[in-house]
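Novice: structure for the following, please:
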Amino acid sequence: MKCLILAAGYATRLYPLTENFPKPLLKVGDKTILDWLVDDIDMSGEVDEYVVISNHKFAQHFEKWAAEKSQKITVVDDGTDTNETRLGAVKDIQFAIEKLGLDDDMLVIAGDNVLDFSLTKFTAYAKAKDSSCIMRYYEPDFNKLLKCGVVTVDSDDKVLEMTEKSPTPATNWCCPPFYYYTKADAGLVQKGIGSGCGTDAPGSYIAWLCKQTNVHAMEMPGKRYDIGNLESYEKVKAEYKGIN
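Specialist: The predicted structure follows:
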């Protein structure tokens, strides 16, 4: 299995911290955000390569970080150097697939969140379902729902519909940016783009994919800490205690 880490954003809401430094390499406690994610995932023994998808501005920072890690980590530079020219998450995924000739199951994650539970639970769930999978959590705040991917599921966790940033969210099930693609479904990303699926938010591909094949949604077994601005970063640094 390959793990694709989406890290090509510019984190403009965290300026000046991230004006010349990537958000995924900010410290939370004694580790960077990426260290928390990669060190946890690696415990599963399922991933044989981590692919960090970066923009051109920050690629060297990630390469320096990767050189100090024991895991096999490949940094892919998508060639963009401003927030205005970014490719968008789905096109970044396809860029990495084409650049490296990837043909495998994939765990696709945002590189700017930390979790208090192990993602190995998610990969085990996906293996048991034998399908592409996402996670979901209950969000009671309507204003937050407007900014999220929202899913509708049946009694077997099958995704019936997913929408990104809908003005009329159908449920309270939010989808965080952690996805598992089967090898077959990873091979459909270009088709999804060609069919008109959104490309900015990573969940847009799942919104398209769930209409083509089975996708399941595991209820998140813990808490996700989203680092969106300076205030939330300070809060995460104060509250985060690691993986339970």
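
Novice: pLDDT weak spots in the protein?
Specialist: The chain contains no residues with pLDDT under 70.

Novice: longest helix of it?
Specialist: helix 89-100 (DSSP state H).

Novice: surely D92 meets I5?
Specialist: No. In this structure, D92 is not within contact of I5 by CB atoms under 8 Å, at 10.3 Å. Yep, even glycine has a C-beta here, placed from its N, CA and C like the rest.

Novice: name the residues contacting each of these two.
Specialist: I53 (CB atoms under 8 Å, 6 or more residues apart in numbering).

Novice: now the angle between helix 89-100 and the next helix or strand after the longest helix of the chain, please.
Specialist: Remark: after helix 89-100, the chain's next helix or strand is strand 106-110, criterion DSSP states H and E. Relative orientation of strand 106-110 and helix 89-100, computed by axes from the mean of the first three to the mean of the last three CA atoms, to 10 degrees: 130 degrees.

Novice: in strand 106-110, which residues are buried?
Specialist: For strand 106-110, the neighbour count (16 or more other CB atoms under 10 Å) marks 106-110 as buried.

Novice: identify the residues contacting the helix or strand just after that strand?
Specialist: The helix or strand immediately downstream of strand 106-110 is strand 113-115, counting by DSSP H and E. The contact list for strand 113-115, computed with CB under 8 Å, 6+ apart, reads 28, 33, 36-37, 40, 176-178, 222-227, 236, 240, 243.

Novice: can you tell me which of these are in strands?
Specialist: The members of the contacts of strand 113-115 that map onto strands under DSSP state E are 28, 178, 224-226.

Novice: in the residues you listed, find the pair that's most separated.
Specialist: V28 and F178 (17.0 Å; CB to CB).

Novice: which stretches of the protein form helices?
Specialist: Under DSSP H, the chain gives helices at 33-41, 59-67, 89-100, 120-129, 142-145, 183-186, 189-194, 203-209, 230-239.

Novice: how far off centre is the last one?
Specialist: Looking back up the chat, that one is helix 230-239. 20 Å (CA atoms, centre = their mean, to the nearest Å).

Novice: list the buried residues of it.
Specialist: Buried residues in helix 230-239 (16+ other CB under 10 Å): 233, 236.

Novice: got it, and the fourth one?
Specialist: Applying a neighbour-count criterion of 16+ other CB under 10 Å, the buried positions in helix 120-129 are 120-123, 125-126, 129.

Novice: export the residues you listed to a markdown table and append columns for distance to V215.
Specialist: Output for the buried residues of helix 120-129, formatted as a markdown table (distance: CB to CB, whole Å):
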| residue | distance to V215 |
| --- | --- |
| T120 | 20 |
| K121 | 18 |
| F122 | 13 |
| T123 | 15 |
| Y125 | 12 |
| A126 | 10 |
| K129 | 9 |
